[in-house]
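Visitor: A structural model of the following input is requested.
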Amino acid sequence: ASSSGNDDDLTIPRAAINKMIKETLPNVRVANDARELVVNCCTEFIHLISSEANEICNKSEKKTISPEHVIQALESLGFGSYITEVKEVLQECKTVALKRRKASSRLENLGITEEELLRQQQELFAKVSE
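Guide: Coordinates of the predicted model:
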C-alpha cells in the first residue's frame, strides 16, 4: 500500500520495517512519518539496486540476475562499503540452503516415502505405549 494511490507501486511491508527498526533501535521512539519515510527509502533503494543489477545482467548477456550482478550494482552505485557484509550474508544464505537440500535429500535417499516413515513412526509409538 503506497501513499501515491497507485496499486502497481510495490513497497516493503510496514510490519517488516517496524520490526527492523525495533531490533536496530530498541530504546528509540520513531514517529509514524519517519517510519513511512524509511519504508519509501528502502523501496527506492531496492528499485535502484535491482535496476542497476538488471542492466549489468543484460550487458553480460545473461537472463537471470545473479548475486554477482547485485554486488557489481552496489559497487557501481557507490555502495561498495556494503559489499563485505553483503558477501557474508550471501554465504550464510548459501549455507542455510545447502543444509535444507541435504535434509531433504537424506529423506529421498532412504527410498521411503514420507507417508511410510510416518506409518512406521506411529507403529513404534504404539509399541512403546503397550
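
Visitor: which ones are touching the spatially most central residue of the chain?
Guide: Among the residues of the chain, the one closest to the centroid is residue 93, at 8.4 Å (Cα atoms, centre = their mean). By Cβ atoms under 8 Å, 6 or more residues apart in numbering, the contact list for residue 93 is empty. Yep, even glycine has a C-beta here, placed from its N, CA and C like the rest.

Visitor: Name the secondary structure element that contains it.
Guide: helix 83-109 (DSSP states H and E).

Visitor: What's the mean pLDDT across that helix?
Guide: Mean per-residue pLDDT for helix 83-109: 85.

Visitor: Then stretch 26-36?
Guide: 95.

Visitor: gap between that stretch and the chain center?
Guide: Stretch 26-36 sits 24 Å away from the centroid of its parent chain (Cα atoms, centre = their mean, to the nearest Å).

Visitor: how long is that stretch from one end to the other?
Guide: Criterion Cα to Cα, to the nearest Å; first-to-last residue distance in stretch 26-36 is 18 Å.

Visitor: again, but for stretch 28-36
Guide: Start-to-end, stretch 28-36 (Cα to Cα) is 16 Å.

Visitor: what's in contact with that stretch?
Guide: Contacts for stretch 28-36 (Cβ under 8 Å, 6+ apart): 3, 14, 17-18, 21, 38.

Visitor: want to throw those into TSV with distance to residue 83?
Guide: Listed next are the contacts of stretch 28-36 as TSV, based on distance: Cβ to Cβ, whole Å:
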residue	distance to residue 83
3	32
14	29
17	23
18	28
21	24
38	22
